[in-house]
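> One predicted model, sequence on top.
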Amino acid sequence: MNAKKYLKLGALLGIAYLLNSFAVQSGLFTDAPRPVKLNDRIEHKVDSLLALMTIEEKVGQMTLFTSDWDVTGPTLRAGYKDDIKKGRVGAIFNAHTAAFTRDLQRIAVEETRLGIPLLFGYDVIHGYKTIFPIPLGESASWDMPAIEASARVAGLEAAVSGLHWTFAPMVDIARDPRWGRVAEGAGEDPYLGSVIAAARVKGFQGKDFDNADAVLACAKHYAAYGAAQAGRDYHTVDMSERVLRDVYLPPFKAAADAGAWTFMTSFNELDGVPATGNKFLLTDILRNEWGFPGFVVTDYTSINEMVPHGIVANEKDAGELSVLAGVDMDMQGAVYYAHLANLVKEGRVPESIVDNCVRRILRIKFMLGLFENPYRFSDTDREKRTIMAPAHLETARDVSRKSIVLLKNEKNTLPLSKSTKSIALIGPLADNKSELIGSWSAAGDSKQCVSLLEGVRTRFGTTTKINYAKGCDINKSDKSGFKAALAVAKSADVILVAVGEEAGMSGEAASRSSLGLPGVQEDLVRDLVATGKPVVVVLMNGRPLAIPWIADNASAILETWFLGTQAGNAIADVLAGDYNPSGKLPMTFPRNVGQVPVFYSMKNTGRPFDANSKYTSKYLDTPNTPQYPFGFGLSYTTFSYSGLKTSASSFRYGETLEVRVTLKNTGSRDGEEVAQLYVRDLVGSVTRPVRELKGFQKVFLKAGESKELVFQLTAKDLAFYNQKMRFRAEAGDFDLFAGGDSDAKLSVRVQLLE
Ligand code: GLC
């Protein structure tokens, strides 16, 4: 670069620095577009290839079809292999293993005019073959190294199976447990959801693609899919831009900033415009504000679905709306396939727009090294050596243990006493494998899953009598098995009862209008409690459940979600006290479905609840408080918080405030605690939530050990979208809270000064 250019660049950088520091000083923050470091060599190759391509071949790169190996949506298109041969497909999903992907890749590379290699995508959501806890469960670990390790194993196993791309992480904020897809995400909170989104993206994508041991991540479902009305999947989403930006977009921004190379549009409309045709989302925010350099794929036939949405009259119009809004690739809809070339020829879509879409896709194929070696991910020997390696199973067991949340533990029922002579293991999920790998279990093989019965027998079987009875099914009314279950229970020192949901009761198209235990499971638990023996309820479920009677009457409750391949061993580790449970809820558990939506960071309202006043915000028949709050989870030890203080009583924009609190393990067991820091902005130019998570630290302390934890806060941490839709912090008083869940009482007040 010559001297003049250097001077110009230096001047521009200097101006940018001054503007940014002014912005910071004024409390106004901008999410400057991510600087995209494009590789000139690749860009040159992309442009050279693009120049050779016909419009049909360009549209082919923008077309994604499913193989006939798996169906994850309403339609299955036959003849996809012929389409590959004609160069009219750029990517295939639901095709995996090194052998099968090699076969399909050969068609694309050796039998088409330009030999452009295919991308292979698949829903590797919480593991490929080694299955990890469902993402909501894993999120309960609040353990970023564990979460990243899980995605790393998933990415590696996927890559050695011929896959280049996973349709994960799902980063939809969800505050309505009726929605079955809460299982796939990280719960209700933007801060926790953002930190987890970044960890998952880094896990899937690794440090680079040089060793073909990582896959492209895909942040989905963009955007606000989790706010479906009434928790009913695919339902309408309508919210203010402020809620969109303050609550639902941050995890997507975090995924983009972590380097996610793809995004997936969501099925829902947002403020009247389906996400798949929403230029505000796909171009104004994702491209222009955030500088996202990757490509955007639709969800399954979501372009076609804009016709029933009623925003277009036919699929050709839908294709036009999508490509002009910023959609690069059409999943399974065959709308670009059928109409895009004509839309260009008719002048309705500039070819330059198509070229930009194709450029984004080809750039990634070059980046993956697929032009140098299209088969580099399809190595059967490497696949055999890698899949379900012992180290992967150990990682799965570790992540699973850390995902378990201890919700109740009366009289230290847990861990099971070493003097326990006889355990009764009861319930429809006690000797089950198929449900335990959860929804979206990819190539997972439930036969490889360790059931709870197997885990308990392995851990306790040599010293303790284990008697099992199913008792009932998950979702049937037949109680004929109760008698045998009670007989088994009567002779035991302690009863473990495994109840919950079927895996198919959460995930896609799996909303429930109630949140109780299905079938007669609660009746079974009631009868077991009536024996007077200690009853440990082991929950296996894909969403927060409403279990008020169990919460009041069980001796102990473990929330174990669907823990995947190592489920039985992980739960046994916790039952035995080999691992002290450390999980915290990533989503509020309501008392009943009538409270929904209920989440910790709600607004105060003008008439906050007051038990002494009728005319305040409340129900006549249930408290406002949930059964278990966000961030809640017990341990086999106890922790105390004290000495909350800040480095100053006030601070200014651009300064960092240190927040200190002393955490002590006041119990008799070593253990981990997730210390959480919440903030309340007492007065804003718009109303502010009563609390917002702004930091957490997962800390291991030996029994009796204390540690002073230090958090750092800046004005940017306190920023929100104001009435002018500008992201800024506002001077004023803030209350800070530190504790083990979102109900933390220990607080201190600080001031942010202009
Ligand atoms: C499904 C899901 C999406 C998934 C895609 C491909 O409909 O909504 O999460 O990645 O189709 O299977």
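The structure has been received and is ready for your questions.
> From here on, just use CA atoms for contacts and neighbour counts.
Noted.
> May I have the phi/psi pair for the spatially most central residue of the chain?
What sits nearest the mean C-alpha location of the chain, by CA atoms, centre = their mean, is residue 185, with 2.7 Å. Note on residue 185: backbone dihedrals following degrees, to the nearest 10 are phi -110, psi -160.
> Hmm, residue 175 and it touching each other?
No: with contact defined as CA atoms under 8 Å, residue 185 does not count as touching residue 175 (10.9 Å).
> What residue spans form the domains of the chain?
Following automatic domain parsing, one finds the domains of the chain at 1-117+343-367, 395-583, 639-753.
> Once you drop chain neighbours, what's closest to the closest residue to the ligand within the stretch 201-350 of the chain?
In the stretch 201-350 of the chain, the residue that lies nearest the ligand is residue 300 (4.6 Å; CA to the nearest ligand atom). The shortest distance from residue 300 to any non-neighbouring residue, by CA to CA, 6 or more residues apart in numbering, is to residue 331 (5.2 Å).
> isn't the one you found right up against residue 63?
Yes: applying CA under 8 Å, one finds residue 331 in contact with residue 63, separated by 6.6 Å.
> contacting residues around the residue nearest to the centre of the chain?
For residue 185, the contact set (CA atoms under 8 Å, 6 or more residues apart in numbering) comprises 135-136, 139, 169-174.
> again, but for residue 191
250-251, 693-695.
> Would you write a PyMOL line that selects the buried entries of the residues you listed?
Command for PyMOL that selects the buried part of these, burial taken from 16 or more other CA atoms under 10 Å:
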select buried, resi 250+251+693+694+695
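> these two touch, right, residue 440 and residue 124?
Yes: between residue 440 and residue 124 there is a contact under CA under 8 Å: 7.5 Å.
> And the pLDDT at the residue of the stretch 201-350 of the chain closest to the ligand?
What the model reports as pLDDT for residue 300 is 97.
> I'd like to know how many residues surround it.
Counted with other CA atoms under 10 Å, the neighbours of residue 300 add up to 23.
> Same question for residue 623.
12.
> Is it in a helix, a strand, or coil?
The three-state assignment at residue 623 reads coil, by DSSP: H, G, I helix; E, B strand; the rest coil.
> What pLDDT is listed against it?
98.
> Residue 303 versus that one, what's the distance?
Distance, residue 623 to residue 303, by CA to CA, to the nearest Å: 43 Å.
> Please apply the same query to residue 349.
Per CA to CA, residue 349 is found 16 Å from residue 303.
> Those two: which is more packed in?
More crowded of residue 349 and residue 303, by other CA under 10 Å: residue 303, with 32 against 19.
> one step back: could you confirm the residue of the stretch 201-350 of the chain closest to the ligand falls within a strand?
No: going by three-state DSSP, the assignment for residue 300 is coil, not a strand.
> May I ask you to confirm that it is in contact with residue 329?
No: counting by CA under 8 Å, residue 300 does not reach residue 329; the two are 10.8 Å apart.
> What is the neighbour count of whatever residue of the stretch 1-150 of the chain ends up closest to the ligand?
As assessed by CA to the nearest ligand atom, the ligand sits closest to residue 72 within the stretch 1-150 of the chain, at 4.5 Å. A count of nearby residues for residue 72, using other CA under 10 Å, gives 15.
> so who does it touch?
By CA under 8 Å, 6+ apart, residue 72 lies in contact with residue 300.
> can you check residue 522 too?
Residue 522 neighbours (CA under 8 Å, 6+ apart): residue 550.
> Residues of this protein that sit close to the ligand?
Neighbours of the ligand within the chain, by CA under 6 Å from any ligand atom: 72-73, 123, 167, 299-300.
> Can you pick out the most distant pair from those?
73 and 167 (13.8 Å; CA to CA).
> out of the two, which sits in the busier spot?
A side-by-side neighbour count of residue 73 and residue 167, using other CA under 10 Å, places residue 167 first with 23 against 12.
> I'd say that one and residue 123 touch.
Yes: using CA under 8 Å, residue 167 is in contact with residue 123, at 4.9 Å.
> one step back: switch the contacts of residue 185 over to TSV; also include neighbour count.
Shown next, in TSV, are the contacts of residue 185 (neighbours: other CA atoms under 10 Å):
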residue	neighbour count
135	29
136	25
139	29
169	31
170	28
171	35
172	33
173	29
174	31
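> residue ranges with poor pLDDT in the protein?
The chain contains residues with pLDDT under 70 at 1-26, 30-36, 75-76.
> one more time with 80, if that's ok
Where the chain drops to pLDDT under 80, the residues are 1-38, 70-77.
> what residues are up against residue 142?
Each residue near residue 142 by CA under 8 Å, 6+ apart is listed here: 192, 583-584, 674, 698.
> okay, now the closest residue to residue 741 other than its chain neighbours: neighbour count?
Nearest residue to residue 741, sequence neighbours excluded (CA to CA, 6+ apart): residue 631, at 4.2 Å. By the criterion of other CA under 10 Å, residue 631 has 25 neighbours.
> Residue 631: helix or strand, and which one exactly?
Using DSSP states H and E, residue 631 sits in no helix or strand.
> from what I can see it touches residue 586, true?
Yes: counting by CA under 8 Å, residue 631 touches residue 586, with 6.0 Å between them.
> quick one, helices of the stretch 301-450 of the chain?
Applying DSSP state H, counting those that start in this stretch to the stretch 301-450 of the chain gives helices spanning 306-309, 315-325, 335-345, 351-367, 380-386, 390-403.
> List the contacts of residue 366.
Residue 366 makes contacts with 42, 46, as judged by CA under 8 Å, 6+ apart.
> Now with 10 Å, please.
41-43, 45-46, 117, 372-374 (CA atoms under 10 Å, 6 or more residues apart in numbering).
> Kindly indicate the member of those residues with the most neighbours.
The most neighbours of any of the contacts of residue 366, using other CA under 10 Å, belong to residue 117, which has 29 neighbours.
> What separation do you get for that one and residue 370?
6 Å.
> joint contacts of these two?
In terms of CA under 10 Å, 6+ apart, residue 117 and residue 370 are both contacted by the residues 109, 362.
> List the residues that contact the closest residue to residue 567 other than its chain neighbours.
In this structure, residue 567 finds its nearest non-sequential neighbour in residue 450, 5.8 Å apart by CA to CA, 6+ apart. Residue 450 makes contact with 431-433, 436-437, 456, 563-570 under the criterion CA under 10 Å, 6+ apart.
> repeat that for 8 Å
Counting by CA under 8 Å, 6+ apart, residue 450 has contacts 433, 565-569.
> give me the number of residues near residue 132?
For residue 132, the neighbour count with other CA under 10 Å is 37.
> Now it. Its backbone dihedrals?
phi -100, psi 170.
> Over to residue 664?
The phi/psi pair for residue 664 (degrees, to the nearest 10) reads phi -130, psi 140.
> Provide the partner residues of it in its beta bridges.
residue 640, residue 706 (DSSP bridges).
> So it is in contact with residue 706, correct?
Yes: using CA under 8 Å, residue 664 makes contact with residue 706 at a distance of 4.1 Å.
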